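Colleague: Give me the fold of what follows.
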Amino acid sequence: MSVDRTEIQASIKPRATFKLGPTGCRCLSAMDEPRGLRSGHLVALTGALLSLGSLWAPWYRLHIPAALRELVQQRADAVGGPAADFVRSLTALLPDSVSGDAWLVFERTDVVLALIGVLVIAVLLAAAGAFGPGVRVAGQASARITTGAGALAALTVGARILDPPGPNAYLDVRWGAWACLLGCVLMIAGGLLANDRPFVPVAVVAPPPAPPAVTGSIAPPAAPLRTG
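Modeller: Residues are numbered from 1 along each chain as shown. From the prediction side, this is the model:
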């Protein structure tokens, strides 16, 4: 009876370990996106509230020139009588300047700015889940909408600041217009901050080396006995 030498080898199947960052896989980032508002969303929400509230603040101030007062008084003196006295009393009551808010000065610009502000506020509240689970807006989608709406509002306000609706010689831009422009800038900055999600690549850890082969041997058997 003989026993052949055998070789026993243990092998371990290599396994690769994957480490995923917070946004390591783009295909899964939309599924794993955290719900709620980020700091950029809060900045944009502040800007929307500021731009919407500034519509009731003074945007322009119209200066009434002294030459106009003198001209009215001269015409009243030429007419004479009780009517002249009435016109002179009204002229004396005229203020040096008159201020107007966006609702008083504009016809359509105020409506456009109000709709933009309401839209941004509604989108951000929907992203925060204020309207319930049935009405939700993704965080990055709300950030893109906020950025675009803020840019449109900023262009509209900037055009009205550079070109006031009236004679530029007698009009001054008041703080309401600048506050609205600041709110638009905050909407743009907040949208960009909320949409800033850098991509983290997948880090692959090399598999561990295979352990050395384990071999063993058995001593050969003794020579068979002969009989006969």
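Colleague: pull the longest helix from this protein.
Modeller: Under DSSP state H, the helix in the chain containing the largest number of residues is helix 139-162.
Colleague: Okay, buried residues for that helix please.
Modeller: Within helix 139-162, the residues that qualify as buried are 139-140, 142-143, 145-147, 149-150, 152-154, 156-157, 160, counting by 16 or more other C-beta atoms under 10 Å. (C-beta placed from N, C-alpha, C; glycine too.)
Colleague: Which other helices and strands does that helix contact?
Modeller: Of the remaining helices and strands, those touching helix 139-162 by 3 or more C-beta pairs under 8 Å, 6 or more residues apart in numbering; DSSP states H and E are helix 39-53, helix 109-127, helix 175-194.
Colleague: Now the element after that helix, going C-ward?
Modeller: Next along the chain after helix 139-162, taking DSSP states H and E as the criterion, comes strand 171-173.
Colleague: List the neighbours of that next one that are in contact with it.
Modeller: W59, Y60, R61, L62, H63, S97, I161, P164 (C-beta atoms under 8 Å, 6 or more residues apart in numbering).
Colleague: Just these: which are in strands?
Modeller: In this view, the contacts of strand 171-173 that belong to strands under DSSP state E are W59, Y60, R61, L62, H63, S97.
Colleague: Provide a PyMOL selection command restricted to the buried entries of the residues you listed.
Modeller: In PyMOL, this line selects whichever of those come out buried by 16+ other C-beta under 10 Å:
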select buried, resi 59+60+62
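Colleague: got the contact list for L162?
Modeller: Residues in contact with L162 (C-beta under 8 Å, 6+ apart): none are found.
Colleague: one more time with 10 Å
Modeller: Contacts for L162 (C-beta atoms under 10 Å, 6 or more residues apart in numbering) come out as N168, V173.
Colleague: Also C180?
Modeller: By C-beta under 10 Å, 6+ apart, the neighbours of C180 are 47, 50-55, 57, 59, 102, 113, 117, 153-154, 156-157, 160-161.
Colleague: How about L55?
Modeller: For L55, counting by C-beta under 10 Å, 6+ apart, the contacting residues are 101-103, 106, 109-111, 113-114, 117, 176, 179-180.
Colleague: helix/strand/coil for it?
Modeller: helix (DSSP: H, G, I helix; E, B strand; the rest coil).
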